[in-house]
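> Here is a sequence with its predicted model. Questions after.
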Number of protein chains: 2
Amino acid sequence: MATARLTLGAGREEDRVARVALTWLVEPGNRAVHGLVDRYGAVGTLDALLAGEVPDAKLRSTVTARLRAGDPRRVAELALTRAARLGARIATPDDTEWPEQLADLMRLNGLGSDRRVDWDTRPPLCLWVRGAWPLAQVLGRSVAVVGARASTSYGNHVATELGYGLAEREWTVVSGGAYGIDAAAHRGALTSGGITVAVLACGVDRPYPMGNAALFERIANSGLLVSEWPPGTEPHRHRFLIRNRVIAALTSGTVMVEASARSGATSTLRRAAALKRPAMVVPGPVTSAMSVGCHDMLREIAGSRLVTGLAHVLDEVGRIGVDLAPPARGPVHVRDGLDQDSAQLLEAVPARRAVGAEEIAARAGMELRLALRKLALLTDLGLLRRVEGGGYALARRARGQGAAAPGRSAPDQG
Amino acid sequence: MATARLTLGAGREEDRVARVALTWLVEPGNRAVHGLVDRYGAVGTLDALLAGEVPDAKLRSTVTARLRAGDPRRVAELALTRAARLGARIATPDDTEWPEQLADLMRLNGLGSDRRVDWDTRPPLCLWVRGAWPLAQVLGRSVAVVGARASTSYGNHVATELGYGLAEREWTVVSGGAYGIDAAAHRGALTSGGITVAVLACGVDRPYPMGNAALFERIANSGLLVSEWPPGTEPHRHRFLIRNRVIAALTSGTVMVEASARSGATSTLRRAAALKRPAMVVPGPVTSAMSVGCHDMLREIAGSRLVTGLAHVLDEVGRIGVDLAPPARGPVHVRDGLDQDSAQLLEAVPARRAVGAEEIAARAGMELRLALRKLALLTDLGLLRRVEGGGYALARRARGQGAAAPGRSAPDQG
């Protein structure tokens, strides 16, 4: 490490180039590289790697192999030039727009059964960005909506509604760039005129999948396209997993809408849970293969939270007193508010004829004096009506709500 | 309490009459009454109540009012006569068939937010039963499947599959008698030839709702109809809540399939959870009003468990079977559990050919109408099969004697 130089001494541009070069040399999230950058800075680490002065043999051989494909600094400079032409920029931890919450990734120390995690847990060294908004500003209040590519119309509907509702409440929507749930969430947010961010597993100039090219353009115009990988990078399969930690770490919480049993979206959710961010799951029909992963997560991940819509999501990520969900309630009926005695008395009134107070009291097993008081209350509430001769009969209101026919009242008797 | 006599000194029949009378005087589950019965026996409690010698003023006035409607012992004796005519019997804690697990209801001390609970938590004083099986035998290994009346085809599908699967694995299915999920669960169990139990909030002779009358007959023939209330009792609305505690307490766990936001089924689930029995919930589309109650429960009830099908349910209730020693059971055959008429009829079916109902009835020396009912039962149990042209033949199950069912001793009542 004799040749390592401290970042402090290096120019900002040199640091950027080194971070891009490092990301190109070794896939992002790498613990060893991140550890070196922490101690020696990006420029120092790059120099050390180029000189083969790294104790970690695996890292050394990875670098050696990669060096056959080009000179990292040269590649990085070309990428920066290409990005500038595209209107893309690069952000590093030195920039004011850098989202500080990414540092939480330092807390991830493997996720139990998820054995693939050890190489992709560290924060990004840099982020490529297309779009006008500063990262930190739009991501300070953001929710990830993730899920299956092969989503059903049910999942698309839910994701679109969530995207729309979140964006309308000025929460930034964050997702990947895939078909299905990702695209539906973005479309919902765009429809409401809100901000949506696509975090890609390839260069921000690569419309992948091609079918979403127009969507990416719309996102770049009104929201952000973000990636750890330099422009031109291909969306290799393993990169989606690496990318998922960034989606989980950037946002205040992750909602999974539909997922098959082995969906990659579950990795985003696991990472959110590991980061102690709300890990939210939308259930679905147990008969749908596209909800199997959702139900698995709800059963497996301690602290995962079932959500059925925007209100629940805001409950989880919202600040106290703001954006809180009102409790879900069915239609309210007068009789639901009745005390036990009154309810019992009401039951004792026959469906189709008027009866005297004494008979009602006897049927209900109630003392006459108490019964008379409750009968007056029920009459006031419009559930009973007085009839000529002093008796009581069910008012239409009580009948309609099932007083004499529990089969038809609104709440289920189970 | 001067006139109170101990049950020990009273005859068994006198105790039964007193229990029925008490249930008629005060709605079942009442804490005060149960406390008195614990101390003074049913006969002593009834005498004390009739003599007005009870310190609890509310209880005293309830009884006073009810007494205007009739003499409790007379009412009880009429109910017992009526029940005998129906082929129904009464079971009390003195009977060997009494399900001991009902005693767990003593543990219920209110359920937090559920303010209506304090008056319906105590164990039943007696149970009315229609059907051949001894209660304890079939309920020792049972699961409640409950849910909405206004269920969707999705919920019906799930409940039917669960009922079928549970019964096929020799778990008794328990539910109410409502349309929707209740009926679907029973039908599933019946289809698989298993045992299903309907716990009613009215007399076991009251087909409520009427549209389920044929279903109740099938259940009475091959499973059990059970109620705390004497024959003839109306299904007043408050009785469903009182009944729900019995469903929760009789079973090893409760599964809720579909429920609206204010469904009564949620009360069964809450009681199951309060009893530390597995409280299981099947999720559904968040776009379905009939799953709102399910999702609410999964969010609200600590320890509630999301289940997507039979395997998960068996996982939850199976633990009980593993942790606790299973009740001693010898080799068990379906036919061992048959009532005498059915057994006789089965004998009358020739080994190797199909015969018509009339011929079977003649061979067995049985009235055709009774024979037809029992033939349906035997078919439901999988012992006979219908053949083309309307006759019956022995099913392999009846020939081989190999099929096991959760029964052991021959029930003595049909």
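Nice, I can see it. Just so it is clear, the structure is predicted and the values come from calculations on it, not from any experiment. Numbers count the residues shown, from 1 in each chain, chains lettered A, B, ... in the order given.
> can we go C-alpha only for contacts and neighbour counts from here?
OK.
> Mind giving me the packing neighbours of the helix or strand harbouring residue A:188?
Secondary structure from DSSP states H and E places residue A:188 in helix A:181-191. Packing contacts for helix A:181-191, counted by 3 or more C-alpha pairs under 8 Å, 6 or more residues apart in numbering or on different chains; DSSP states H and E, involve strand A:142-146, helix A:153-168, strand A:172-175, strand A:196-200, helix A:213-222.
> do that again at 6 Å, thanks
Taking 3 or more C-alpha pairs under 6 Å, 6 or more residues apart in numbering or on different chains; DSSP states H and E as the contact definition, the neighbouring helices and strands of helix A:181-191 are helix A:153-168.
> before we move on, back to that, looking at the helix holding residue A:188 now, give me its mean pLDDT.
When the per-residue pLDDT values of helix A:181-191 are averaged, the result is 97.
> Just the buried positions in that helix, please.
Neighbour-count burial for helix A:181-191, with 16 or more other C-alpha atoms under 10 Å in any protein chain shown as criterion, is recorded at A:181, A:182, A:183, A:184, A:185, A:186, A:187, A:188, A:189, A:190.
> Tell me the one of those nearest chain B?
residue A:181 (15.4 Å; C-alpha to the nearest C-alpha).
> Nearest residue to the closest one in space, please, no chain neighbours.
With C-alpha to C-alpha, 6 or more residues apart in numbering or on different chains as the criterion, residue A:181 has its nearest non-adjacent residue at 5.1 Å, and that residue is residue A:147.
> and the nearest residue to residue A:277 once chain neighbours are set aside, what does it touch?
Excluding the flanking residues, the one nearest residue A:277 by C-alpha to C-alpha, 6+ apart is residue A:253, at 5.2 Å. Residues counted as contacts of residue A:253 (C-alpha atoms under 6 Å, 6 or more residues apart in numbering or on different chains) are A:143, A:277, A:278.
> for residue A:393, same thing?
In this structure, residue A:393 makes contact with A:354, A:384, A:385, judged by C-alpha under 6 Å, 6+ apart.
> what's the distance between it and chain B?
Taking C-alpha to the nearest C-alpha, to the nearest Å as the measure, residue A:393 and chain B are separated by 17 Å.
> Please report the distance of that residue from residue B:68.
Between residue A:393 and residue B:68 the computed distance is 21 Å (C-alpha to C-alpha, to the nearest Å).
> same thing with residue A:207?
Remark: distance between residue A:207 and residue B:68 (C-alpha to C-alpha) = 83 Å.
> So, low pLDDT: which residues of chain A?
Across chain A, the ranges flagged by pLDDT under 70 are A:1-10, A:109-120, A:319-337, A:396-414.
> The residue nearest to residue A:181 touches residue A:259, doesn't it?
Yes - the pair formed by residue A:147 and residue A:259 meets the contact definition of C-alpha atoms under 6 Å, at 5.3 Å.
> More neighbours: which of these two?
The residue with the greater number of neighbours, taking residue A:147 and residue A:259 and applying other C-alpha atoms under 10 Å in any protein chain shown, is residue A:147; the counts read 38 against 32.
> who's in contact with that one?
Applying C-alpha under 6 Å, 6+ apart, one finds that residue A:147 lies in contact with A:181, A:256, A:257, A:258, A:259, A:265.
> next one: residue A:190
Listed by C-alpha under 6 Å, 6+ apart, residue A:190 has no contact partners.
> Mind doing that once more with 7 Å?
For residue A:190, the residues meeting the contact criterion (C-alpha atoms under 7 Å, 6 or more residues apart in numbering or on different chains) are residue A:196.
> how close does it get to residue A:217?
When residue A:190 is compared with residue A:217 (using C-alpha to C-alpha), they lie 12 Å apart.
> where do the helices sit along the stretch 251-400 of chain A?
In the stretch 251-400 of chain A, the segments counted as helices under DSSP state H, counting those that start in this stretch are A:265-274, A:292-300, A:310-317, A:340-347, A:357-364, A:368-380, A:396-400.
> neighbours of residue A:54, just the number please.
When neighbours are counted by other C-alpha under 10 Å, residue A:54 registers 17.
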